[in-house]
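S.K.: Compute the structure for the input listed below.
(chains A and B)
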Amino acid sequence: MIYIILNLKKWGTNMLDIKEIKLILNECIKTGGDYAELFFEDTISNNIEHSKGFISNIISSNIYGVGIRILKNHKEVYGYTNKIDKDSILKIVYNLRDFFENPTPFDYDLKEIKINKINPIKKPLNKVKIKTKVELLNNVYKHAKEYSNLIEQVIINLSDRTQNVYIYNTLGKIVKDTRSNVRLTLSCIAKKDNNLQRGSNSLGGNIGFELFDDFDPKSFAYEASKTAVLMLDAKDIVSGEMPVVINNGFGGVILHEAVGHSLEATSVAVNLSVLSNLRGKQIASKLVTAIDDGTLTNQWGSLNVDDEGENTTRNVLIKDGILMNYIVDMKNDRIMKHGVTGSSRRESYKYSPTSRMTNTFIENGESTFDEIISNTKYGLFAKKLGGGSVNTTTGEYNFSVTEAYMIEDGKITYPVKNATLVGQGKKTLLDIDMVGNNLKLDNGVCGASSGNIAANVGQPTIRVSKMTVGGKGGII
Amino acid sequence: MDFNLFIAKAKEKLKAVEIYYTSNKSMSISLFENEVKKYNVSNLERISIRAIYKNKLSTISLENLDNINEDQIIDKLIENSKYINNTEKVFIYKKNEVINNSYENDLESFSYNDKLELLKNISKKTYAFSNLIRSVRTVYDENINTIRIINSYGLDKKISSSNVLIYNIAVASKKDESKDSYEILVKKNFKDLLDNNLELAARKAIKKLGSSSIKTESYKTVLSNEAFSSLLGGFLSIFSAEQVLKNMTLLSDKINEKIAIESLNLIDDPFIENDLNPILFDDEGVNTKKKYIIKDGILKSFFHNLKTSNHFKVKPTGNGFKPSFASSISTSHTNLYIKKGKNSLKSLLKEADNGIYINSLQGLHAGINTISGDFSLQSSGFTIKNGKLDLPVSLIVISGNIFDIFKNIKLLGKDLKFNTSRIATPSVYLGLMKISGV
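M.R.: Numbering: from 1, shown residues only, chains lettered A, B, ... in the order given. Below is the predicted model of the structure:
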């Protein structure tokens, strides 16, 4: 870390200078708080929607405000407002700090910290011409539609967000960072008689518009249209327990829901996670090594710094089936004393931050995709997953499957639809009995107590020896 | 920002302009294991501006209200609109009407300590319920909101209202197993929260202990009011005129056709819920009104906004809402409910005799197909044995189709209950449903 001598610079376009910020922070800790933090945010986001063959909607928004946090041990007070002037902020501070007693004043110097630029930006999103974005969307549309005349609807969204954050805290840190998130999502609907089925694809990163430099709109679009058309012939999945092969990429939703959330300090710190107090214990099969890595260059879930101003890390969660580390933010580490993993995240200044995932994936194993399939006498091949959810107290989770096939005698046979899988986080990973070598990451949006955030999931193709599969089509 | 001045200025270049302004003040207290662990306050004002330029509509949302460069905003609205090339008609409500309504609340008459006392009371009672209760979180939340919609046609509608909420989560543990459950109460005024039985979250959590999955089979199924209302909530888009326009709902051509059992009435009523203040107008400024979506089993109406009501040549229904502050107008309900039947939950269970009672559904954002109506959802509840609730069940999947359910409800309960999404259904007996387990 390199310390820069601070000059009396005005922040953004506003009236707050460093003297005022120091004053506000001092007012925060006047009544006994042992930590105070100001999280300023100035974000521009744009969303362009392409539907029914046309550019149908363009929305631009500015998210702008400050989140004020004061801690004393494990207690937290939080306030936010879009009114960034000294008096409006102080009004909130006076309200919040009344909460604490026994003033224990302490001193600190504010110094700006030079952060690791893990996510270089070559083509800033707010400098990209609308014309360029429109061309991209039109291209994707053209290919999605041409795939088959069964494609009835194509909906594409290009969203970009340039988030400028300015964090000041009583640890003496000034951290300034710009997050550049861009994401393209495509949804294709195929129709045959009264049967409508969906296929989708998405691409995103913490990166500039250079994300699309090597982009192939045809293969991107075909993947979504292909799924939609294939699923028209899908039968309803049979129900019951069976082996499940989960494909790479977005298949990583299983890790995210089965254990990911249950490893976040949010519930672990207060003993309310099904995986609390299991460090050093075996929670997965020996084949499973799982990582949460916020330092992967330009990945959708990556950050230069987290929302408390801490460096992101490559955090080994599970190694050869043993639980190694939890996902821990600074605030919850006050209880856990585990070691901060740079995992504090929030959707915007309107939320108090807590530990969240970044890019979370299972590491490569030894088997090939073909070996896994041919080794499976009967089961489900879940090629693409939808979303899911989990109750971290009980460990019970679910996720849906958007493209799937049966495996019969070691071969992929007919397509099936409407499958939802459920399981218990403590048990599922123990049942993984094959791990492939084709690791892939995929992008999603994760919602929890600190709002919606960009998160990657990922894995190679894996097999779970037994899972409960729910569907409409008869019983095994 | 002076809204009228901005609108006057914008009108020099734009055909029509609308400002959607909200102000929100909130406070919440979170009690965890009998200690106050979190206290939150907020003060937020923001605006969303929609403008029509050469028959194209674009939207800009702003939170930095002290530094607005009005010319820049107008130019950006125009620039954005230039790239929109669909041929749909666009609308900003052409109505010269003024409303200024404010619903009173009693929040100022109660102190922070009053509110904390209530939380402590509930928490104590919840712990006292049983020594199996390991952890309790009780949260109080109050919100005061103002919405104002003002446009270049002379529309100026403003409404201020508030609500309070308490939710109580109890965790019950026995040996290695933990189960949680919650109770939630939403009201207009603080004093309405004082008479509650939120400690019953404890009983619900304890009853879940020892749950297991069940054999995969078709079971006679009763859905609780909460489970059914969450299922209906997941499928709301099937009634949206926007989805009809896109040909993405199977109900597109079914107006005046029978789509449900005769005793099913689905009503959207902005004024019914006594626990909350009425919703006077939608996000386009159109006055809301009560309507039947399904009447005696027949589909009568979709949820419309100005664009869809114009397209389908019907009167606006006042359902033009946007899903989030910065998004564009879509459709949504106000207070949506299924008219209650005559049967108690007891009699529904008796009718099922031996089967399953499901009182919770999970994964609704992922496990449903709003186009086909199919769903496969994680669920939990109890087995029904000889007409009574028996053993707790979890980690099962219920699969079915919402359109089939509408046509095959065997018995409608009478225990209507609104959830926090303003949707209410009674419990229902569905007959045989596919349940996957072990």
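
S.K.: Quick check: the closest residue to chain B within the stretch 151-300 of chain A vs residue B:35, distance?
M.R.: With CB to the nearest CB, the shortest gap between the stretch 151-300 of chain A and chain B falls at residue A:239, namely 3.5 Å. Every C-beta, even on glycine, is put in place using the N, C-alpha and C of the backbone. Using CB to CB, to the nearest Å, one gets 45 Å for the distance from residue A:239 to residue B:35.

S.K.: For those two, work out which one has more neighbours and name it.
M.R.: More neighbours surround residue A:239 than the other of residue A:239 and residue B:35, with 28 against 11 (other CB atoms under 10 Å in any protein chain shown).

S.K.: Dihedrals phi and psi, the more buried one?
M.R.: phi -100, psi 160 (degrees, to the nearest 10).

S.K.: what bridges to it?
M.R.: residue A:475 (DSSP bridges).

S.K.: Read off the pLDDT value for it.
M.R.: As predicted, residue A:239 sits at a pLDDT of 88.

S.K.: The residue of the stretch 151-300 of chain A closest to chain B contacts residue A:467, correct?
M.R.: No - using CB atoms under 8 Å as the test, residue A:239 is too far from residue A:467 to be in contact (11.5 Å).

S.K.: and residue 267, what element?
M.R.: Going with chain A. Remark: residue A:267 resides in helix A:265-268, with elements defined by DSSP states H and E.

S.K.: Chain B, not that one
M.R.: With DSSP H and E as the test, residue B:267 turns up in strand B:266-268.

S.K.: what are the phi and psi angles of residue 224?
M.R.: Unless you meant another one, I'm taking chain A. Dihedral angles (degrees, to the nearest 10) for residue A:224: phi -70, psi -50.

S.K.: you looked at the wrong chain, it should be chain B
M.R.: Dihedral angles (degrees, to the nearest 10) for residue B:224: phi -70, psi 170.

S.K.: Would you mark the buried spots in the one helix or strand residue B:380 maps to?
M.R.: According to DSSP H and E, residue B:380 maps onto strand B:374-385. Residues of strand B:374-385 classed as buried by neighbour count (16 or more other CB atoms under 10 Å in any protein chain shown): B:374, B:375, B:376, B:377, B:378, B:379, B:380, B:381, B:382, B:383, B:384.

S.K.: which one of those sits closest to residue B:173?
M.R.: Using CB to CB, residue B:380 is the member of these that lies nearest residue B:173, at 17.1 Å.

S.K.: buried set for the helix holding residue A:267?
M.R.: For helix A:265-268, the neighbour count (16+ other CB under 10 Å) marks A:265, A:266, A:267, A:268 as buried.

S.K.: That one: how far from the chain's middle?
M.R.: Distance of helix A:265-268 from the chain centroid (CA atoms, centre = their mean, to the nearest Å) equals 17 Å.

S.K.: Packing partners of that helix?
M.R.: helix A:330-336, strand A:354-355 (3 or more CB pairs under 8 Å, 6 or more residues apart in numbering or on different chains; DSSP states H and E).

S.K.: most tightly surrounded among those?
M.R.: strand A:354-355 (a mean of 28; mean count of other CB atoms under 10 Å in any protein chain shown).

S.K.: what are the pairing partners of that one, and which direction each?
M.R.: strand A:344-345 (antiparallel).

S.K.: excluding its backbone neighbours, what's nearest residue A:94?
M.R.: Leaving aside its sequence neighbours, residue A:94 sits nearest to residue A:27 (CB to CB, 6 or more residues apart in numbering or on different chains; 7.5 Å).

S.K.: what does the model give that neighbour for pLDDT?
M.R.: Model confidence at residue A:27 (pLDDT) stands at 97.

S.K.: same question, residue A:141
M.R.: 98.

S.K.: ok but residue A:93 is inside a helix, no?
M.R.: Yes - assigned with DSSP: H, G, I helix; E, B strand; the rest coil, residue A:93 falls within a helix.

S.K.: so it makes contact with residue A:28?
M.R.: Yes - the pair residue A:93 and residue A:28 qualifies as a contact (CB under 8 Å) at a distance of 5.5 Å.

S.K.: from the stretch 351-476 of chain A, which residue is nearest to chain B?
M.R.: For the stretch 351-476 of chain A, CB to the nearest CB, closest residue to chain B: residue A:470, 2.3 Å.

S.K.: need the contact list for that residue.
M.R.: Neighbour list for residue A:470: A:237, A:239, A:419-422, B:376-378, B:396-399, B:434-436 [criterion: CB atoms under 8 Å, 6 or more residues apart in numbering or on different chains].

S.K.: at 6 Å instead, please
M.R.: For residue A:470, the contacting residues are A:239, A:420, B:376, B:397, B:399, B:436, by CB atoms under 6 Å, 6 or more residues apart in numbering or on different chains.

S.K.: Distance check, it against residue B:363.
M.R.: With CB to CB as the criterion, residue A:470 and residue B:363 are 10 Å apart.

S.K.: what residues does the helix or strand residue B:207 falls within touch?
M.R.: Per DSSP H and E: residue B:207 is located in helix B:200-208. Identification of contacts with helix B:200-208 by CB under 6 Å, 6+ apart yields B:126, B:129-130, B:132-133, B:168, B:170, B:172, B:179-183, B:392.

S.K.: Only whichever of those residues are buried, select them in ChimeraX.
M.R.: Restricted to buried positions by 16+ other CB under 10 Å, the ChimeraX selection for those reads:
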select /B:126,129,133,168,170,172,179,180,181,182,183,392
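
S.K.: Restrict the contacts of helix B:200-208 to those that also contact chain A, please.
M.R.: By CB under 6 Å from any CB of the partner chain, the members of these lying near chain A are B:179, B:180.

S.K.: For residue B:12, grab the count of nearby residues.
M.R.: Neighbours of residue B:12 using other CB under 10 Å come to 7.

S.K.: Residue A:93 and residue A:28: which has the busier surroundings?
M.R.: residue A:28 (28 against 25).

S.K.: May I see the buried residues of the helix or strand that contains the more buried one?
M.R.: Assigned by DSSP H and E, residue A:28 belongs to helix A:18-28. For helix A:18-28, the neighbour count (16+ other CB under 10 Å) marks A:18, A:20, A:21, A:24, A:25, A:27, A:28 as buried.

S.K.: In the chain, spot the helix with the most residues.
M.R.: The chain I'm using is chain A. helix A:130-146 (DSSP state H).

S.K.: meant chain B actually
M.R.: In chain B, ranked by residue count with DSSP H as the criterion, the top helix is helix B:112-128.

S.K.: Could you pull up the mean pLDDT of the helix or strand that that helix is followed by?
M.R.: Later in the chain than helix B:112-128, the nearest helix or strand by DSSP H and E is strand B:133-151. Strand B:133-151 carries an average pLDDT of 98.

S.K.: Tell me the helices and strands packed up against strand B:133-151.
M.R.: Applying 3 or more CB pairs under 6 Å, 6 or more residues apart in numbering or on different chains; DSSP states H and E, one finds that strand B:133-151 makes contact with strand B:16-32, helix B:112-128, strand B:156-174.

S.K.: And the contacts of residue A:470, which is closest to residue B:339?
M.R.: residue B:399 (27.0 Å).

S.K.: Could you verify my assumption that that closest one touches residue B:434?
M.R.: Yes - with contact defined as CB atoms under 6 Å, residue B:399 counts as touching residue B:434 (4.6 Å).
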